[in-house]
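Participant: Structure for this input, please:
(chains A and B)
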Amino acid sequence: SQTIHQWPATLVQPVGSPLSLECTVEGTSNPNLYWYRQAAGRGLQLLFYSIGIDQISSEVPQNLSASRPQDRQFILSSKKLLLSDSGFYLCAWAVRDRVYEQYFGPGTRLTVT
Amino acid sequence: AQSVTQLGSHVSVSEGALVLLRCNYSSSVPPYLFWYVQYPNQGLQLLLKYTSAATLVKGINGFEAEFKKSETSFHLTKPSAHMSDAAEYFCAVKGGSYIPTFGRGTSLIVHP
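Facilitator: Below is the predicted model of the structure:
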């Protein structure tokens, strides 16, 4: 069966520091991968999605970036965090021919201080 | 274009009472519709999905939803609420877009 991992689970970082969040999927090949953010009391905001290695689309202009160095690995990064980057970050995957059905990881709670 | 509207950011019910969470959608093509549940500090879990087969869809944990094209609705129901149902619920639609669109979520509060 398929499994999705995210780490770290929680992170507290000062403003201006770099960020690296990692997501990996097991048990499937060529998945579509997604990064979402949930701010407190708000819905899901799609940040990036990827249909393959080095094929990444950005949905929202910001100081975040994403990379996909391997088929089942998706990384969210920032060079300098802002207070507004605080939130709950969720990685998700979908089967290539059923992209509408997404499976989510456990999330990373990021607090920027 | 596609969108979903979840009516009510919070719904409060007593344990054992009917749960009704409302979702209306807009889509330029026949939609696929989903309900997800999110427990505190966890990721989203697919509860059920409508993909143009039966209009009444049964999901996990006793939840079900009915697709009503004439009302552009996909409301989520459960006959009897349990304390463990307390969570955030998200409706999502996939129309012509490559990616599903999520609603803003409804927080279900269950009172003993």
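
Participant: Look up how far A:Ser65 lies from the residue minimising distance to the centre of chain B.
Facilitator: Chain B has B:Trp35 as the residue nearest its centroid, 3.7 Å off, counting by CA atoms, centre = their mean. Distance of B:Trp35 to A:Ser65, given as CB to CB, to the nearest Å: 32 Å. The way it works is simple: take the backbone N, C-alpha and C, and place the C-beta from them, glycine included.

Participant: Next: B:Val93.
Facilitator: To A:Ser65, B:Val93 is 28 Å away according to CB to CB.

Participant: When these two are compared, which one has more neighbours?
Facilitator: Neighbours per residue (other CB atoms under 10 Å in any protein chain shown) separate B:Val93 from A:Ser65, with B:Val93 holding more: 25 against 15.

Participant: ok but that one is inside a helix, no?
Facilitator: No. Assignment of B:Val93 by DSSP: H, G, I helix; E, B strand; the rest coil gives strand, placing it outside any helix.

Participant: Centroid-nearest residue for chain A?
Facilitator: Short answer for chain A (CA atoms, centre = their mean): A:Trp35, at 3.1 Å.

Participant: Put the alpha carbons of the host helix or strand of that residue into PDB.
Facilitator: Here A:Trp35 sits within strand A:32-38, counting by DSSP states H and E. Extracted as PDB, the C-alpha positions of strand A:32-38 are listed here (Å, rounded to 0.1, in the frame of the first residue of the first chain):
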ATOM      1  CA  ASN A  32       1.600  13.800  -8.900                       C
ATOM      2  CA  LEU A  33       2.800  15.700  -5.900                       C
ATOM      3  CA  TYR A  34       1.300  18.800  -4.200                       C
ATOM      4  CA  TRP A  35       2.200  21.300  -1.500                       C
ATOM      5  CA  TYR A  36      -0.600  23.000   0.400                       C
ATOM      6  CA  ARG A  37      -0.600  25.500   3.200                       C
ATOM      7  CA  GLN A  38      -3.300  26.000   5.900                       C
END
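
Participant: Mean confidence (pLDDT) on that strand, please.
Facilitator: Predicted confidence along strand A:32-38 averages 93 (mean pLDDT).

Participant: Could you look up the next helix or strand downstream of it?
Facilitator: strand A:44-52.

Participant: got the contact list for that following strand?
Facilitator: The set of residues external to strand A:44-52 that reach it, using CB atoms under 8 Å, 6 or more residues apart in numbering or on different chains, is A:30, A:32-39, A:56-60, A:62, A:64, A:66, A:68, A:71, A:74, A:76, A:90, A:96, B:44, B:90, B:99, B:102, B:105.

Participant: Direction included, what does that strand pair against?
Facilitator: strand A:32-38 (antiparallel), strand A:55-58 (antiparallel) (DSSP bridges).

Participant: Out of those, which is the most enclosed?
Facilitator: strand A:32-38 (a mean of 23; mean count of other CB atoms under 10 Å in any protein chain shown).

Participant: Now do that strand: distance to the chain's middle.
Facilitator: Mean C-alpha position of strand A:32-38 versus that of the full chain (CA atoms, centre = their mean, to the nearest Å) differs by 5 Å.

Participant: Mind checking the pLDDT average for stretch A:88-97?
Facilitator: For stretch A:88-97, the mean pLDDT works out to 90.
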